[in-house]
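give the three-dimensional model of this entry:
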Amino acid sequence: MNSELPHKMTVLGVMSGTSLDGLDLALCSFEKTGESYSFKIESATTIAYSGSWKETLANAQDLNAEKYFRLHHNYGSFIASEINKFIKHVAKPFAVASHGHTVFHQPHLGFTTQIGCGATIAAHTGLVTVSDFRSLDVAKGGQGAPLVPIGDKLLFPEYGACLNIGGIANVSFNANHYQKAYDICFANMALNYLSEKLGKPYDENGELACSGKCNEQLLEEINRAKSPVGKVSLSREQFEKTIIPLLNYSRIPVEDKLATMCAYSGNEIASTLSENNLESVLVTGGGAYNKCLVDSIQNGFKGRLIIPADEIVQFKEALIFAFLGYLRLHGTINTLSSVTGATSDSVSGAVYFNQPV
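The predicted structure follows:
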């Protein structure tokens, strides 16, 4: 795309995270004035996954090649269907920016895959669609993650740092005029896994964890298994290999496992924030509602944790992927090598046009 596009544009951000909570849709308007950007979330919703979809996505890595690509198409059709339902009640966006759902993320082997075919979305919605945001960075030797920091830098400059507590907790901040960011630790991916053992999709407000006690032996084992901070982006594959066996082997009550994971994640996050001398930290993602986890962070961090309105807590990632799509369509850098480790910055994302633009 080119700079002839209007500086004011509405983009629908679509996000499915590692915690499998559901599909987030956020209709966002953006405007550039000089070198600054402004935004507004016009409307947003989360479509909870059915039991069938949740199981399908959770086991997608086990499919053979043919069934995997069939799912890639079918999930794209599902996303398009939900978009079409959503835009019946809101203003039609100029474009869709869809992250898709990550199945494989192995940048050290040169690939990352997010299902939810962008071409299918474009064909079924009639909208310009941007997808596959990570592959170019990985091809240039980067981790393909994190991608959110450019949005943190340009949309939330008033905060010292942005902490997202989703399936994986990650942080983004400015250091000496360079944006830095990385994954810190597993968070809701583990907490939701444990909550499901008790028949709940997640630990609402951290109540189950608050009722348990941290187990020092399990905490020590998890600490020994963790990946080096800032070295690699974390993935489902690593979670299944390093964390799940420890959680399954332990014979303590599930509530104690939840409390232990909150203590682990809280310690890791607090240490990261403190080591980088951060003071005011915007906290978003589902983990922002977990009192046990947030208390654990605050106990080890002397700065301010700022939890914004629900709209930002719940939809910040979908908002920023909409923004990544906005930048991609304007031919503007949307992936920072300073945080991914790639050889250079990128204008990332595959664009599908249903008609001339």
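
what's Tyr352 sitting at in phi/psi?
Dihedral pair for Tyr352: phi -120, psi 120, per degrees, to the nearest 10.

so what's it up against?
Counting by C-beta atoms under 8 Å, 6 or more residues apart in numbering, Tyr352 touches Gly118, Ala119, Ile121, Ala122, Ala123, Val128, Thr129, Val130, Ser131. Quick note: C-beta positions are derived from backbone N, CA and C, even for glycine.

you'd agree the first one is up against Val130?
Yes. Between Gly118 and Val130 there is a contact at 7.1 Å, judged by C-beta atoms under 8 Å.

okay, and the common contacts of the two?
Common contacts of Gly118 and Val130 (C-beta under 8 Å, 6+ apart): Ser98, Ala350, Tyr352.

if we can go back for a sec, between Gly118 and Val130, which one's more packed in?
Between Gly118 and Val130, counting by other C-beta atoms under 10 Å, Val130 is the more crowded of the two (30 against 23).

rewinding a little: make CSV out of the shared contacts of Gly118 and Val130 and add distance to Gly286 and pLDDT.
Below are the shared contacts of Gly118 and Val130 laid out as CSV (distance: C-beta to C-beta, whole Å; pLDDT from 0 to 100):
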residue, distance to Gly286, pLDDT
Ser98, 20, 98
Ala350, 28, 98
Tyr352, 30, 97
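
CSV for the residues you listed, including distance to Val148?
Formatted as CSV, the shared contacts of Gly118 and Val130 follow (distance: C-beta to C-beta, whole Å):
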residue, distance to Val148
Ser98, 15
Ala350, 19
Tyr352, 23
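
closest to Gly325 among those?
Gly325 lies nearest to Ser98 out of these, by C-beta to C-beta, at 8.2 Å.

how about the contacts made by the closest one?
So Ser98 contacts Val14, Ile79, Gly116, Gly118, Ile121, Thr129, Val130, Ser131, Phe321 (C-beta under 8 Å, 6+ apart).

next: Phe186.
Gly167, Ile168, Ala169, Leu234, Phe239, Ile243, Met261, Ser265.

out of the contacts of Ser98, which is nearest to Ala181?
Among these, and counting by C-beta to C-beta, the member closest to Ala181 is Phe321, at 15.2 Å.

retrieve the pLDDT associated with Gln355.
At Gln355, the predicted lDDT confidence score is 65.

now stretch 64-75: average pLDDT?
98.

and stretch 217-225, by the same measure?
Averaging pLDDT along stretch 217-225 yields 95.

tabulate the CA atom coordinates of that stretch in CSV.
The C-alpha trace of stretch 217-225 is given here as CSV (Å, rounded to 0.1, in the frame of the first residue of the first chain):
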residue,chain,number,x,y,z
GLN,A,217,9.3,-27.5,46.2
LEU,A,218,7.2,-27.0,43.1
LEU,A,219,8.2,-23.4,42.9
GLU,A,220,11.9,-24.4,42.9
GLU,A,221,11.3,-27.0,40.2
ILE,A,222,9.6,-24.5,38.0
ASN,A,223,12.4,-21.9,38.5
ARG,A,224,14.9,-24.5,37.4
ALA,A,225,13.0,-25.2,34.3
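
starting at the chain centroid, how far to it?
25 Å (C-alpha atoms, centre = their mean, to the nearest Å).

in that stretch, what counts as buried?
Leu218, Leu219, Glu221, Ile222 (16 or more other C-beta atoms under 10 Å).

that older thread, among the contacts of Tyr352, which ones are buried?
Neighbour counting over the contacts of Tyr352 (16+ other C-beta under 10 Å) leaves Gly118, Ile121, Ala122, Ala123, Val128, Thr129, Val130, Ser131 as the buried ones.

mind listing what the first one touches?
With contact taken as C-beta under 8 Å, 6+ apart, Gly118 is in contact with Gly76, Ser98, Gly100, Thr129, Val130, Ser131, Asp132, Ala350, Tyr352.

not counting its neighbours along the chain, what's nearest it?
Nearest-residue entry for Gly118: Ser131, 3.0 Å, with adjacent residues in sequence omitted and distances by C-beta to C-beta, 6 or more residues apart in numbering.

give me the phi and psi for that neighbour.
Dihedral angles (degrees, to the nearest 10) for Ser131: phi -150, psi -170.

repeat for Gly266
Dihedral angles (degrees, to the nearest 10) for Gly266: phi -60, psi -40.

skipping its backbone neighbours, what lies nearest it in space?
Nearest residue to Gly266, sequence neighbours excluded (C-beta to C-beta, 6+ apart): Ser296, at 2.5 Å.
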